[in-house]
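dropping the sequence and predicted coords here.
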Amino acid sequence: MAARRRRRWPRVLAGIASTLVLVATGAAAAGAVLYQRLDNNISTLDTTDQLGERPTSPVGATEPVNILVMGSDSRTGKGNNKKYGNANNAGIEGQRSDTTILFHVSGDRTRAIGMSIPRDSLVTLPMCKNKIGEMQGGYTGRFNEAFDIGGPGCTIKAVEELTGIYVDHFVVVDFNGFKKMVDAVGGVEVCLKEPVNDYHARLNLPAGKQTISGEDALAFVRARESLGDGSDIQRIQRQQDFISSMIREVTSAGTLANPITLFNLLDAGTKSLTTDKGLSSLRDIQGLAETMVDLRPSDVTFVTVPFVYNSDFSTVSWEQPKADKLFKAIINDKPWPEPPTTPPGQDPLTVPPEQIDVIVVNGTPTAGFGNIVAEDLQDQGYNVVGVRSSKTDTDTTTLKYPTSEAEAARTLAYAAGATQTVVKAGSGTTLVLKVGSDYTGIKPVVTKKKKKDPLDTSAPKTADSSFECVS
């Protein structure tokens, strides 16, 4: 196998020291001064009041790491504590986080997941200290209210309580700083199906592919009413596409080969950051980035927490068990999306349990065992349409299916451990599973999607995918 081509995207941070030497035309002293300037740009926020004492040592090179990225209208930390300088006075009116993405980087540093959390998710908010030090929360509200109650610390607590995922580090990105980062790379390419003229967002763009920067870029990632259906969900998709496009721009040879451009990017980026104590210096960030030098844009997957719209059509609830499967994949450091199940000697399975109707026939001498198997099937998503008892017992679990349901039969045969499949005479779409004494349970399966559903807003996509035109 050919050696894997190395891409330098994470070297935007990992290569800081050598880049500064280039900027300073080889003068080591000047390089040190510039390094210190970038280091001083970073603000730090202490969340001990909300989260208690937590480890601050850098994450090792072989350990998975979870970084919660939050977008905010104002800057925390050094020189700007009037907004939300500590965990207790973070609840100033209007300081809700519009954007929350949990980035999980695998322990082997071969992949990363960016999981967007819809701000309008109805959740049970954690108990946090508000701006005057009183405990607040414990009720059902929108996810982004946690930031309003107790700033980044309360949002971290919400993520950990709702998902079970431990947050190792956090980063708050000031939107104004984000705009300057886009300017530093010369703008980012986007695509619009239709022109946009939004007076309130001050956004006026023609249709088609174009490069945007400055206020247009900021308005593009934050606007709701003028783009798509006005929902936060479509804004999340647009933000993911924009970040992917920006990643590709940063990885381009033109950006990395130009020391001035690269320094301007790093200067704007570090000025926009507020972090936890574990990422409080450029050296800490550089150390983490150096462990990710082999990651490519195609290794970065963006996904939104699976959800369903509520009856008010303005809030969403997380869809189970899909959301829990995603959370568990992150907790267990497993790839996402999960690779499709491939039975030995076969192609990957394609028909999901939700599309399979099955009748259970109890072929064991144990009375009521068919109902137990039916529950096992339902737990995995199968549609059980009947339970029967067999007149004769059998040692072997078998499956009968109509010819038209051969693909569905492959899924159920694998999941139930059916060692024999027989074509059932007649028409219809229902499969018949006769359970024998060899039955040990229903194995979970992951099926291969035949094609992307354009309405599935939680479908994963990688950072190297093309920017799809939005309307």
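Noted; the coordinates are in hand. Numbering: from 1, shown residues only.

just the helices in the stretch 151-300 of the chain please.
Remark: helices assigned in the stretch 151-300 of the chain by DSSP state H, counting those that start in this stretch are 175-184, 214-222, 232-251, 253-257, 259-271, 282-290.

so for Q36, which of those helices sits nearest?
Minimum separation from Q36 across the helices of the stretch 151-300 of the chain (Cβ to Cβ) falls at helix 282-290, 8.8 Å. Every C-beta, even on glycine, is put in place using the N, C-alpha and C of the backbone.

and after the closest one, which helix or strand comes next?
strand 300-304 (DSSP states H and E).

pull up the pairing partners for that next one, direction included.
Note on strand 300-304: by DSSP bridges, its sheet partners are strand 112-116 (parallel), strand 461-462 (antiparallel).

any chance of those strands in CSV, with mean neighbour count and distance to M127 too?
Output for the strands paired with strand 300-304, formatted as CSV (neighbours: other Cβ atoms under 10 Å; distance: least, Cβ to Cβ, whole Å):
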stretch, mean neighbour count, distance to M127
strand 112-116, 23, 24
strand 461-462, 16, 36
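
may I see those strands organised as JSON lines, with distance to A329 and mean pLDDT added?
Shown next, in JSON lines, are those (distance: least, Cβ to Cβ, whole Å; pLDDT from 0 to 100):
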{"stretch": "strand 112-116", "distance to A329": "8", "mean pLDDT": "89"}
{"stretch": "strand 461-462", "distance to A329": "16", "mean pLDDT": "68"}
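
please identify which of the ones you listed is closest to D294.
strand 112-116 (11.4 Å).

geometric centre of the chain: which residue is closest?
M115 (1.3 Å; Cα atoms, centre = their mean).

low-confidence ranges in the stretch 301-450 of the chain?
Low-confidence segments of the stretch 301-450 of the chain (pLDDT under 70): 425-426, 450.

just so I have it, where are all the helices in it?
Using DSSP H, counting those that start in this stretch, helices in the stretch 301-450 of the chain cover 322-331, 369-379, 406-416.

relative to strand 112-116, how tilted is the shortest one?
Interaxial angle, helix 322-331 versus strand 112-116 (axes from the mean of the first three to the mean of the last three Cα atoms, to 10 degrees): 140 degrees.

one step back: quick check: which of the helices of the stretch 151-300 of the chain is nearest to S437?
That would be, of those and by Cβ to Cβ, helix 232-251, which comes in at 48.7 Å.

list the contacts of the residue nearest to the centre of the chain.
M115 makes contacts with 101-104, 303-305, 326, 330, as judged by Cβ atoms under 8 Å, 6 or more residues apart in numbering.

which one of those is nearest V432?
Distances from V432 to the contacts of M115, taken as Cβ to Cβ, are shortest for L326 (33.3 Å).

distance check, the closest residue to that closest one other than its chain neighbours against D347.
Once flanking residues are discounted, L326 sits nearest to W336: 6.3 Å by Cβ to Cβ, 6 or more residues apart in numbering. Spatial separation of W336 from D347 under the definition Cβ to Cβ, to the nearest Å is 22 Å.

can you put the strands paired with strand 300-304 in JSON lines and add distance to Q50?
What follows is the strands paired with strand 300-304, written out as JSON lines (distance: least, Cβ to Cβ, whole Å):
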{"stretch": "strand 112-116", "distance to Q50": "21"}
{"stretch": "strand 461-462", "distance to Q50": "33"}
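
G114: what's it in contact with?
The neighbours of G114, taking Cβ under 8 Å, 6+ apart as the test, are 101-103, 240, 243, 300-303.

dump those residues into TSV; add distance to E405 and neighbour count as well.
Compiled in TSV, the contacts of G114 are given as follows (distance: Cβ to Cβ, whole Å; neighbours: other Cβ atoms under 10 Å):
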residue	distance to E405	neighbour count
I101	40	23
L102	39	23
F103	41	17
Q240	37	20
I243	42	21
V300	38	21
T301	32	19
F302	35	24
V303	31	20
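
since that was my last question, I'll sign off now.
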